[in-house]
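Participant: Show me the folded form of this:
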Amino acid sequence: MTGEQNEKFTFNKRYLYASIVLLAIELFIGFYVNDRFVRPYVGDFLVVILLYTMLKIFWNASVKFVAYSVLVFSFVLEILQYFKLVDLLGLGHIKIARILIGTSFAWEDLLAYFLGIMTVLWFEGKNENTK
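Facilitator: Sure, this is the predicted structure:
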């Protein structure tokens with residue numbers, strides 16, 4: 001492994017703290033909110049930000065690369081929901097699999113993911129300018 005590759009792996013406390021806060025918010029939404037806006041749309045908006053911060057805890061790749069990777073992953077997973085991936089994998093009877101993989105495709109989810117990643121890019125760009 002070259003020195004350049006080692007520099008990609010790190011431990012970033014700032015992203016760890018952000019991930020903990022976002023995870024707590026997501027869990028709160030998951031357990032206590034059952035509406036038609038916060039749970040489906042705010043939850044999806046925040047989940048891509050959570051995935052981004054979780055990756056950035058250990059992976060010192062560029063902001064854009066990680067953000068776009070999360071966006072592509074989220075879009076692919078959402079599209080796979082259209083094809084009932086959880087059932088194709090034989091995991092439809094497992095509640096945690098249904099929650100993590102998802103069970104229904106929605107165009108609005110793609111918009112929520114996009115807006116979440118645009119927020120990450122905006123925030124990270126703003127943060128870069130203040131350093």
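
Participant: Spatially central residue for this structure, please.
Facilitator: Note on the chain: the residue nearest the mean C-alpha position is V48, at 2.3 Å, using Cα atoms, centre = their mean.

Participant: quick one: it from Y32, how far?
Facilitator: 21 Å (Cβ to Cβ, to the nearest Å). Placement of C-beta: from N, CA and C, glycine included.

Participant: hmm, back to that, now the residue nearest to the centre of the chain, what's its secondary structure?
Facilitator: helix (DSSP: H, G, I helix; E, B strand; the rest coil).

Participant: what do you get for F11?
Facilitator: Relying on three-state DSSP, one would call F11 coil.

Participant: For it, give me its contacts.
Facilitator: By Cβ atoms under 8 Å, 6 or more residues apart in numbering, the contact list for F11 reads 57-58.

Participant: Please report how far it lies from H93.
Facilitator: Taking Cβ to Cβ as the measure, F11 falls 37 Å from H93.

Participant: Now do stretch 46-54: everything it contacts.
Facilitator: Residues contacting stretch 46-54 (Cβ under 8 Å, 6+ apart): 15, 18-19, 22-23, 25-26, 29, 66-67, 70-71, 73-74, 112-113, 116-117, 119-120.
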